[in-house]
Structures are given as structure tokens and as C-alpha cells.
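> Predicted model and sequence follow; I will ask about them next.
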Amino acid sequence: MNIKPLAPVWLFDLDNTLHNASHAIFPSMVEKMNAYVAGVLGDGVTPASAEEVSAVRAHYWKRYGATLLGLMRHHGVNAAHFLRETHDLPELEAMIRCERGLGHLLRRLPGRKILLTNAPRDYARKVVGHMGIGRHFSGQVTIESMYVHRQLRPKPSHLMLRRLMRRQGLDPRRCILVEDTLDNLRTAHALGMRTVWVTQYLPKPGKKPAWLDVKVKSVKQLTKFK
Ligand SMILES: [Mg+2]
């Protein structure tokens, strides 16, 4: 009889979990997204005003959880085009800020590790490649593989996470989601996963919700919870 406990499966978010995207990457992306949305909302000659853009983005965020989902639904925006335009940062490598020793940490953590990010594939590959941690992940799940029934369902979609579990043959009770975004952790918790909230790159993280398993500043604290 095999009584060895099953090894955990770690699902790691990328931006603001494994590196500090708020430092330079997110501000640049926000600029690019605003320019993109201004173009979409404009009349073809003049782009929409900054006020209009920010109101529409806030509305889509609230309603759909992402600017892109609103643009797709209401303006027929092509997801691949939007992602390419907004994530194309020529200076990306120079903008990455992360802690030392993440490769060492990932090597020491027992169990499989899968990258689970709402970012596009090329961007995620560049970031983990630059950080030198790509080889520690047995899989990299990016936004391109988050279509369910031809609808884009990024985190925190229950549907997408359930399908991911099924496709990878994973038991949610073995999975641990490591993330900075509470909404995503809440979905994972509802599906029976364990949850780790990483807070060091958030401006005002706030209190640990009662349902959350663990709150840490840095992923480097994960080895404490074996
Ligand atoms: Mg994140």
C-alpha cells in the first residue's frame, strides 16, 4: 500500500507574485492600454479623451474583470492583437525587478510547479526566461489557453480552473495557488485548492481574509509551510 502523501502541485501567478510588475512594467502597459482603448473608442481620426478612456476601462474592469473582455464584447477587439500591442515592451528585460534566489526556492519546493498567468505566452516566456526560472515549471498556462467554449475565461474564472484541473488530471485538494490577486485566490479556494497570498508588491494589501490559508510577503517564505 502506498501511504506516501501525494506531492502538492503549485500553481504560480507571474506578475506581482514572482516579480515586481508594479515597478515599471504595469505603468508602461497601462499607458499602452489607454492608447489602445482611446483608438478603439475614437472616431477613426481623433482618439477618445483620457477621461472617456478611464471611465470605460473602470466600467469594463468592474463588469468583466478585465479591460480586454469588455473590448472584445462591445468593440469586437481581437484578443491576440490587443495582447501583442499592449505587452510589446522593447525594454522589458530591463524593467524586471525580482528577488534573488527564486530558482533555488523553486528547486527546493517539493512537488510540481505550473505557471498560471493571465498574461500572453511571449511575454511570460521572456519574463521567466530573464529570471532564469523557466525550467522549474512543468507547464506554463497563459491567456491563449484560457478559452472555454470559445469564450476567453481568464482567472478568476471557475470554468477555466475546473477545466484546467480536468485536463491536467489534477485534484484541486493537492493544488496550491500562489497569487497577489485575492479574487483569483477566492475562486481557487471555492474549488478546494489551498491558497497563498503574496503581498510585497501590492501598495495596500489589507487584512488576511478568513478563508485564505496563508498570507506571506514573499514567495521565499513558502518553504516554511511544509
Ligand atoms: Mg498577479
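It's in.
> Average pLDDT for stretch 19-30, rounded please.
Mean per-residue pLDDT for stretch 19-30: 96.
> Between the two ends of it, what distance do you get?
One end of stretch 19-30 sits 17 Å from the other (Cα to Cα, to the nearest Å).
> Please identify the buried residues of that stretch?
Under the neighbour-count criterion of 16 or more other Cβ atoms under 10 Å, stretch 19-30 has 19, 20, 21, 24, 25, 26, 28, 29 buried. All C-beta spots, glycine's among them, are computed from the backbone N, C-alpha and C.
> and that stretch with the ion, contact?
No: under the criterion of Cβ under 5 Å from the ion, stretch 19-30 makes no contact with the ion; the nearest approach is 7.1 Å.
> what's next to that stretch, contact-wise?
15-16, 86-87, 89, 92, 95-98, 127, 131, 200-203 (Cβ atoms under 8 Å, 6 or more residues apart in numbering).
> Any idea how far it is from the middle of the chain?
Put simply, stretch 19-30 sits 13 Å off its chain's centre (Cα atoms, centre = their mean, to the nearest Å).
> what do you get for stretch 121-130?
13 Å.
> Using CSV, list the CA coordinates for it.
The C-alpha coordinates for stretch 121-130 follow below in CSV (Å, rounded to 0.1, in the frame of the first residue of the first chain):
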residue,chain,number,x,y,z
ARG,A,121,2.8,33.5,-23.8
ASP,A,122,5.6,35.5,-25.4
TYR,A,123,5.6,38.0,-22.5
ALA,A,124,5.5,35.2,-19.8
ARG,A,125,8.3,33.3,-21.6
LYS,A,126,10.5,36.4,-21.8
VAL,A,127,10.0,37.3,-18.1
VAL,A,128,10.6,33.8,-16.7
GLY,A,129,13.5,33.4,-19.1
HIS,A,130,15.1,36.6,-18.0
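> What mean pLDDT does it get?
What stretch 121-130 shows for mean pLDDT is 97.
> What residues sit buried inside that stretch?
Neighbour-count burial for stretch 121-130 flags 121, 123, 124, 126, 127, 128, 130 (criterion: 16+ other Cβ under 10 Å).
> Then stretch 41-49?
41, 47, 48.
> Name the nearest residue to residue 214, ignoring sequence neighbours.
In space, and not counting its chain neighbours, residue 214 is closest to residue 196: 4.7 Å by Cβ to Cβ, 6 or more residues apart in numbering.
> Shouldn't that neighbour be within a strand?
Yes: applying DSSP: H, G, I helix; E, B strand; the rest coil, one finds residue 196 inside a strand.
> returning to what we had before: okay, the buried residues of stretch 121-130 in TSV with distance to the ion and secondary structure next?
Shown next, in TSV, are the buried residues of stretch 121-130 (distance: Cβ to the ion, whole Å; DSSP: H, G, I helix; E, B strand; the rest coil):
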residue	distance to the ion	secondary structure
121	16	helix
123	13	helix
124	11	helix
126	16	helix
127	12	helix
128	14	helix
130	17	helix
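> The residues you listed: which two are farthest apart?
121 and 130 (14.9 Å; Cβ to Cβ).
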